[in-house]
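Engineer: Dropping a prediction and its sequence here:
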Amino acid sequence: MTRRLLSVLLLSMPLLAAAACGRPWRVPFEDWRPYSFIDAKGHHTGLEVELLATLARELGCSVEYVQNVPRNRRLPMLATGELDLLVAASLDGPSPEIAWFTRPYRHEEFAAFVRAGAAPVPAPQSLDDVLEAGLHLLAHRGPRIVPLVDQFAARGLLTPFEDYAKGVRLLALGRGDVLVGDHLAVLDAAAAAGVSVVELSLPVRRDVVAYKLSRKRFSEADVVRFNEAILRLDAQGQLQRIRARWLPAGAR
């Protein structure tokens with residue numbers, strides 16, 4: 001019985017590969033340093049780019065990046081099959097009816113920042129303190145980092161931004177008091193813009209992220225193959241080596 005089941009699985013592997021890799025995976029691309037960007041030679045690079053390329057090779061697949069897809073269009077396009085895969089998806093995000101989630105493949109960390117020399121006194125110990133102080137929040141547009149962001153919006157104390165370069169510019173111009181967003185993305189954007197920022201010592205969010213797969217493109221069997229490949233690559237140390245090149249020790 002065991003041999004028969006193994007034979008069936010081995011015979012079905014080419015069919016599963018064909019389903020997942022009949023054409024390149026269509027993935028939205030954005031300038032999101034250090035996770036994804038185009039280098040001086042015109043090549044796609046960054047942490048997410050390297051991780052996804054390694055996973056695609058493990059599965060015998062390839063990636064086709066789709067440029068200039070606004071964040072508010074990504075889920076609808078995933079639902080219709082115009083996009084196949086989203087990277088860095090929070091497991092508590094919406095859309096279980098249109099997408100599968102793989103197992104987590106890395107951690108993400110969000111933090112709060114102010115302009116250097118503009119830290120509020122007394123220093124807030126939580127985002128609730130920031131809200132109660134009436135400070136204006138700058139937050140990345142997309143899935144809510146924390147539910148409290150909606151309360152800032154309800155009080156007229158929220159300005160969302162589409163990309164981190166814009167968020168840092170808004171902070172530098174005094175269009176907001178506190179910026180919350182991906183820890184490394186904020187630091188990278190601030191360094192690129194020559195803006196000095198200070199991280200507030202308060203908790204925002206630390207979580208894991210997964211790949212979000214379109215149900216129009218992938219089956220449950222494909223999700224199993226994705227998960228098995230992630231486990232193999234982790235066991236071989238390949239994903240860890242990529243994370244180590246791009247992330248500080250505490251964020252891998």
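Structural biologist: Looks like it came in fine.
Engineer: Now name the helix or strand holding residue 210.
Structural biologist: Assigned by DSSP states H and E, residue 210 belongs to strand 205-214.
Engineer: List the buried residues in that strand.
Structural biologist: Using 16 or more other C-beta atoms under 10 Å as the test for burial, strand 205-214 gives 205, 209, 210, 211, 212, 213, 214. (Each C-beta comes from the backbone N, C-alpha and C, glycine too.)
Engineer: next one: stretch 233-243
Structural biologist: Under the neighbour-count criterion of 16+ other C-beta under 10 Å, stretch 233-243 has 233, 238, 239, 242, 243 buried.
Engineer: Convert the C-alpha atoms of it to PDB, please.
Structural biologist: Only the C-alpha atoms of stretch 233-243 are listed here, as PDB (Å, rounded to 0.1, in the frame of the first residue of the first chain):
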ATOM      1  CA  LEU A 233      15.400  25.400   1.500                       C
ATOM      2  CA  ASP A 234      15.300  26.300   5.200                       C
ATOM      3  CA  ALA A 235      16.700  23.000   6.200                       C
ATOM      4  CA  GLN A 236      19.500  23.400   3.600                       C
ATOM      5  CA  GLY A 237      20.300  26.900   5.000                       C
ATOM      6  CA  GLN A 238      19.600  28.700   1.700                       C
ATOM      7  CA  LEU A 239      16.900  31.000   2.900                       C
ATOM      8  CA  GLN A 240      18.900  31.800   6.100                       C
ATOM      9  CA  ARG A 241      21.900  32.800   4.000                       C
ATOM     10  CA  ILE A 242      19.800  35.200   2.000                       C
ATOM     11  CA  ARG A 243      18.100  36.600   5.100                       C
END
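Engineer: residues in contact with it?
Structural biologist: Applying C-beta atoms under 8 Å, 6 or more residues apart in numbering, the contact partners of stretch 233-243 are 47, 50, 51, 54, 55, 58, 105, 106, 230, 252.
Engineer: now stretch 58-75
Structural biologist: Stretch 58-75 is contacted from outside by 17, 20-21, 23-30, 44, 52-53, 56, 77, 83, 86, 94-95, 98-99, 141-142, 162, 225-226, 229, 232-233, using C-beta under 8 Å, 6+ apart.
Engineer: go with 7 Å
Structural biologist: Residues outside stretch 58-75 that contact it (C-beta atoms under 7 Å, 6 or more residues apart in numbering): 17, 20-21, 24-29, 44, 52-53, 56, 77, 83, 86, 95, 141-142, 162, 225, 229, 232-233.
Engineer: Equivalent analysis for stretch 98-106, please.
Structural biologist: So stretch 98-106 is contacted by 51, 78-79, 89, 91, 208-215, 218, 223, 226-227, 230, 239, 243 (C-beta under 7 Å, 6+ apart).
Engineer: what's in contact with stretch 34-50?
Structural biologist: Here stretch 34-50 makes contact (C-beta under 7 Å, 6+ apart) with 29-31, 33, 65, 87-88, 184-185, 188, 242, 246-247.
Engineer: Give me the buried entries from the contacts of stretch 58-75.
Structural biologist: Burial by neighbour count, 16+ other C-beta under 10 Å: within those this picks out 20-21, 25-29, 44, 52-53, 56, 77, 83, 86, 95, 225, 229, 233.
Engineer: From those residues, which land in strands?
Structural biologist: Counting by DSSP state E, the buried ones among the contacts of stretch 58-75 place 25, 26, 27, 28, 29, 44, 86 in strands.
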